Structures are given as structure tokens and as C-alpha cells.
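Trainee: Structure for the following, please:
(one chain, ligands or ions: 1)
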Amino acid sequence: MVIFGAAGDLTKRLVVPALYNLANNHRLSEQFRLVGVDLADMSAEQWRAHLTDAMKGYVGKDGEFHLDEFVQTTWQWLTEKMSYLPGDLSNPDTYRRLDQHLAGLDKTAGTAGNRLFYLAVADRFFGPAVAALGAAGLTAESGRQWRHVIIEKPFGHDLASAKALNAEILKTLRERQIYRIDHFLGKETVQNIMVLRFANGLFEPLWNRQQIDHVQITAAETVGVEQRGKFYEKAGALRDMVPNHLFQLLSMTAMEPPLSFDADAVRAKKTEIIQAIKLLDPDEALKDAVRGQYGTGRVLDEEVRSYRQEPNVAPNSTTETYVACKLTIDNWRWAGVPFYLRTGKYLKSRSTEIAIRFHQAPYALFRGTDVERMHPNWMILRIQPDEGIALEFAAKYPGPTVRLDTVSMNFAYKSYFNVEGSTGYETLIYDCMIGDATLFQRADTVEASWQVAQPILDAWANNPPRDFPNYAAGSDGPAAADELLARDGRAWRPLA
Ligand code: BG6
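Mentor: Numbers count the residues shown, from 1 in each chain. Next comes the predicted model:
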């Protein structure tokens with residue numbers, strides 16, 4: 001496995017911790033070798049030391065990745081397999097040296113000759129790096145030896161650039177060699193959506209417009225843009241989260257049952273559902289998609305600055321840090337069922353969830369009782385944190401009169417399973433090694449997703465916001481997001 005961007009943030013935060021976890025679970029073979037490539041001029045020894053420091057920092061921490069215990073023998077096993085090659089990705093010589101280095105490893109380590117290239121680099125390098133790998137003969141497969149390339153996010157910044165990038169890399173690679181990452185698919189709770197829907201007889205009959213009133217998909221974050229201003233200024237919340245992560249949640253929730261778990265069977269159904277999302281015209285885009293940008297405020301008991309005061313952000317920036325939109329899916333299962341999506345930085349609480357609201361029962365029977373309103377049934381798929389699934393329904397409040405309360409049946413992953421600290425990248429890297437692309441984005445899925453996002457991007461570009469900042473850091477988001485649902489007589493589930 002070769003990591004481009006070996007000295008970077010992603011490598012140390014997610015990729016190497018995932019490899020450590022795989023090693024701990026004996027998922028890497030004895031002949032596995034890891035080669036780091038980066039511009040930084042350092043030795044293999046220095047690279048290992050840099051990673052060792054990072055790994056030790058995860059012990060006992062409660063962050064994105066944490067370790068209860070650092071297993072020295074595993075780490076040693078892994079570090080012994082690491083080598084480092086300083087090199088500039090825009091220089092063909094880097095790839096020539098890499099080829100020699102890998103050939104050397106095949107001989108000395110007896111590797112099987114397979115290659116996994118992980119592009120953990122800025123997106124402008126994706127196309128050129130793939131072309132250069134090809135030119136150096138590093139992507140050509142022969143016999144049973146495979147060549148796979150993992151491409152990180154963001155895959156394009158709009159429909160045209162995503163198409164251009166697909167066209168460019170497909171000149172060198174075949175689709176089945178390309179593994180486009182969306183790390184949400186590495187989350188157990190996201191993978192479980194298919195199991196919930198298709199391994200249970202109970203839910204699937206309810207999963208349609210006859211029973212479901214609407215769906216809310218939320219990815220609320222309590223982090224701001226932190227040190228990523230330069231990237232985020234150009235991206236914004238819509239590009240950063242919607243056509244990728246939120247659409248993964250939407251497609252898992254809304255897809256038709258695939259004929260098998262075969263990668264293409266699953267991905268075809270997911271693509272189909274995204275293609276069935278009704279494209280918004282310019283007026284609808286302005287009405288059904290709302291944007292926000294955070295001002296100053298208090299998040300998790302700390303005063304924070306506004307987006308426009310963040311490093312590398314323009315003082316009059318019009319980049320959105322919040323987006324909410326209403327989408328409809330034009331097919332037999334979902335016609336008339338709105339899907340409301342929202343995501344934002346610096347919100348009141350951290351929560352990623354899919355909330356399914358069932359139709360309300362008729363009130364007639366309760367007329368003349370103390371019951372003033374009916375309680376709707378909700379099914380909540382909690383993706384993170386506090387992973388689990390809840391089903392909310394009405395129950396009679398104990399007492400002589402008829403009063404209702406909402407109660408919840410709650411499944412929490414941690415009370416059933418021993419959930420080990422993981423980055424979510426373990427499954428993805430392992431799947432790439434065994435050639436299972438189910439959890440990766442296919443070219444047509446990516447393009448279909450951008451196709452849906454594009455009218456919103458265009459409408460916003462043509463109509464700059466006049467009210468930014470329009471939500472306080474630490475709040476629920478902008479008022480316009482509430483109005484979006486209020487217009488339909490609905491309301492967001494409050495952020496806890
Ligand atoms: C990334 C985005 O892809 O996903 C970030 O670039 C975002 O802005 C992150 O914070 C959210 O992922 P997770 O796994 O923390 O929910």
C-alpha cells in the first residue's frame with residue numbers, strides 16, 4: 001500500500017490508525033508493506049517517529065479516534081513494514097523511483113505484487129497523480145495482480161469538474177480499479193441501514209409513501225471550520241456535505257432493495273434513487289434550499305468567533321456554513337414524501353441522524369377525551385454519536401383519564417455490541433484490498449449527486465446572500481430553515 005500525502009493530516013488522523021486497527025485484528029498479511037510518499041524530506045525513521053507520536057496521543061482521548069490501550073507489539077509489527085520515499089507528485093521521477101522501490105519490496109518482502117495507491121492529497125493532484133501513475137506503468141494489471149486507487153474527497157467541486165475528473169482518471173484506470181471514498185459509508189450505523197431495511201420483515205412494508213409522511217436527515221456539528229478556512233471558503237457546507245455524505249444517507253434510506261450485495265447491484269440502486277430526485281429549477285432552488293453562516297456565539301460553553309473572523313476567511317465572505325433543503329423523489333415509493341436535509345457547523349449539538357416520520361393516526365377516537373393532539377410515530381436512526389435506533393410512539397399516561405405521552409423503544413449499539421474505537425476507514429481500506437467496491441462511489445453516482453446539487457449552487461452564485469451571518473454559533477441554525485418546514489406545516493426535530 002502506498003500513501004501519497006504520507007506526512008499529511010489525514011494519514012496520521014485516520015489512515016494509519018485504521019491500519020493499526022486492521023493489524024490488531026490480524027487483517028493484514030505478513031507480506032503487507034506500507035510505503036509513504038510525500039514532499040517532506042525525511043527518512044523512514046522520522047516518518048515512523050512522527051506517526052508513533054500521533055498514535056500515542058490517541059490513548060485515553062475522547063476524540064475522533066481513541067485507543068483504550070496502545071498495543072506495542074502490533075505497532076512494532078506495522079512500523080517494521082513501513083518505508084518512506086520523499087518525492088514531488090508533479091515530478092515523473094517520483095513515480096519511477098516508486099516503481100523501483102516497489103519492485104525491490106516484492107523481492108525482499110515477497111509481497112504478492114498487488115498495489116493499493118491511496119491519494120490522501122489535495123484534490124488538484126487526483127487527476128495528475130493518476131495520469132503519472134499510469135505513465136510510469138504502475139496501474140497496469142497483469143495476471144492476478146491488482147492495482148487499486150483510493151481517491152479521497154472532494155471528488156470535483158461541481159458537475160462539470162466531477163465529470164472532467166472522471167473522464168481524466170478513466171483514461172488510465174478502469175472503473176473497477178477506482179475506489180472513491182465517502183467516509184460516511186465506513187460508519188457501521190450507515191451500513192446497518194441496509195440490514196435494518198432488508199434483513200427485517202417488520203419495517204420494509206412500512207417504508208413507503210402510504211406510511212411515511214416525511215424524512216429528516218440531519219448532520220449537525222459542533223465544530224467550526226477551524227484551520228480549514230482556505231479549503232472551506234471555496235467549498236461551503238453544500239459542497240462539503242450534501243452531494244456526498246447526506247446523499248449517502250438519503251440513498252441508503254430510500255433505495256429499492258438490490259438483487260444481491262454485489263457491489264454493482266447495490267450501487268446501481270443507490271444511483272437510481274439519486275437520479276430520481278427531482279431537479280430544482282432556479283426559483284425552486286432559492287425557495288427550497290436555504291443557506292446560513294454562523295456569527296459569534298457560544299458553543300459547548302465556549303465563546304467562539306464568527307465565520308468571517310476565522311483564519312483564511314474573507315471578512316465579507318458569502319460562503320455558507322449551513323444548508324437546509326427540501327428534496328422530493330419522483331418514484332412510486334416516495335412520490336409526495338419530502339426529504340428535508342440539513343447540515344451546519346457550530347450548531348447547538350452534534351448529531352447525525354435520519355428521522356422518519358410516519359403518518360399520524362386519525363384523531364376521531366380521542367375526541368371528547370383529554371387528548372388534545374395525536375403523537376406522531378418517529379423512527380430515528382442515530383448515526384452518531386450515541387449510535388442506535390429509536391422508535392417513538394404514543395402510550396397512555398397512567399391515571400384515570402386518557403392522556404398520551406410519547407415513549408421510545410431504544411436500541412443502543414453499545415449495550416449490545418462491544419464497539420471498539422475505530423476510524424471507519426478500516427472497512428474501507430480492507431474492502432479495497434479484497435476488491436469489494438460496494439462501499440465506494442461509482443462514477444455515475446457521483447455525477448448524479450452533483451447534478452442534483454448544481455441548480456442550488458447556480459442559484460446561490462447568481463443571488464449572493466444579503467443577510468450573512470444569519471445564525472448565532474451554538475444555535476439551531478438560521479430562521480429560514482425553520483420557515484422551510486413551517487411552510488409545509490412541519491417542524492425540524494429540535495437539536496438536543
Ligand atoms: C468531512 C467534511 O468530509 O466530513 C467535514 O469535510 C465534516 O467538514 C466531516 O466535519 C464530518 O464527518 P464526521 O465523520 O465527523 O461526521
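Trainee: secondary structure class for the residue of the chain positioned farthest from its centre?
Mentor: Farthest-out residue of the chain from its mean C-alpha position, per CA atoms, centre = their mean: residue 400, at 49.2 Å. Here residue 400 is recorded as coil under DSSP: H, G, I helix; E, B strand; the rest coil.
Trainee: What's the per-residue pLDDT of it here?
Mentor: Here the pLDDT value assigned to residue 400 is 90.
Trainee: distance of it from residue 372?
Mentor: With distances taken as CB to CB, to the nearest Å, residue 400 is found 17 Å from residue 372. C-betas here are computed from N, CA, C, even on glycine.
Trainee: Check residue 205 too.
Mentor: Separation of residue 205 from residue 372 (CB to CB) stands at 31 Å.
Trainee: Then residue 277?
Mentor: 37 Å.
Trainee: Looking at those two, which is more packed in?
Mentor: residue 277 (23 against 9; other CB atoms under 10 Å).
Trainee: Please report phi then psi for residue 222.
Mentor: phi -110, psi 0 (degrees, to the nearest 10).
Trainee: neighbours of it, just the number please.
Mentor: 18.
Trainee: Likewise for residue 293?
Mentor: Residue 293: 26 surrounding residues under other CB under 10 Å.
Trainee: Write out the residues of the stretch 51-200 of the chain neighbouring the ligand.
Mentor: residue 153 (CB under 6 Å from any ligand atom).
Trainee: Please list all residues in contact with the closest residue to the ligand within the chain.
Mentor: Nearest residue of the chain to the ligand: residue 240, at 4.7 Å (CB to the nearest ligand atom). Counting by CB atoms under 8 Å, 6 or more residues apart in numbering, residue 240 touches 154, 232.
Trainee: so where does it fall, helix or strand?
Mentor: helix 229-241 (DSSP states H and E).
Trainee: Would you mind listing what in the stretch 301-450 of the chain touches the ligand?
Mentor: Checking the stretch 301-450 of the chain against the ligand by CB under 6 Å from any ligand atom, the hits are residue 352.
Trainee: so what's the residue positioned nearest the centre of the chain up against?
Mentor: In the chain, the C-alpha nearest the mean C-alpha coordinate belongs to residue 184, at 3.1 Å (CA atoms, centre = their mean). Taking CB under 8 Å, 6+ apart as the contact definition, residue 184 lies against 190, 244, 245, 248, 249, 383, 424.
Trainee: Is it correct that the fourth one is in contact with residue 190?
Mentor: It stands for residue 248. Yes - with contacts counted by CB atoms under 8 Å, residue 248 reaches residue 190, the gap being 6.6 Å.
Trainee: and the host helix or strand of residue 37, how far from the chain's centre?
Mentor: According to DSSP H and E, residue 37 maps onto strand 34-38. The chain centroid and the centroid of strand 34-38 are separated by 25 Å, computed with CA atoms, centre = their mean, to the nearest Å.
Trainee: Which elements pack onto it?
Mentor: Here strand 34-38 touches strand 2-4, strand 82-86, helix 92-109, going by 3 or more CB pairs under 8 Å, 6 or more residues apart in numbering; DSSP states H and E.
Trainee: From residue 228, how far off is the residue lying closest to residue 280 once chain neighbours are set aside?
Mentor: Spatially, and ignoring its direct neighbours in sequence, residue 280 is nearest to residue 455 (4.7 Å; CB to CB, 6 or more residues apart in numbering). Residue 455 sits 26 Å away from residue 228, going by CB to CB.
Trainee: Helix or strand for the residue nearest to residue 280, just tell me which one.
Mentor: Assessed by DSSP H and E, residue 455 sits inside helix 443-462.
Trainee: Other residues contacting the very next helix or strand once past that helix?
Mentor: Toward the C-terminus, helix 443-462 is succeeded by strand 471-473 as the next helix or strand (DSSP H and E). Applying CB under 8 Å, 6+ apart, the contact partners of strand 471-473 are 224, 292-299, 304, 306, 322, 344, 346, 477-479.
Trainee: The following helix or strand past strand 471-473 packs against which elements?
Mentor: Downstream of strand 471-473, the next assigned helix or strand under DSSP H and E is helix 479-486. For helix 479-486, the packing partners by 3+ CB pairs under 8 Å, 6+ apart come out as strand 289-292, strand 322-327, strand 339-344.
Trainee: So what touches the first one?
Mentor: It stands for strand 289-292. The contact list for strand 289-292 (CB under 8 Å, 6+ apart) reads 236-238, 280, 320-326, 344, 456, 459-460, 465, 468-471, 477-478, 480-481, 483-484.
Trainee: For the nearest residue to residue 244 once chain neighbours are set aside, give me the backbone phi and psi.
Mentor: Closest residue to residue 244 apart from its sequence neighbours, by CB to CB, 6+ apart: residue 182 at 5.0 Å. Here is the backbone geometry of residue 182 (degrees, to the nearest 10): phi -130, psi 110.
Trainee: where does residue 182 land on pLDDT?
Mentor: pLDDT recorded at residue 182 is 95.
Trainee: I'd assumed residue 242 was in contact with it.
Mentor: No - with contacts counted by CB under 8 Å, residue 182 stays clear of residue 242, the gap being 11.8 Å.
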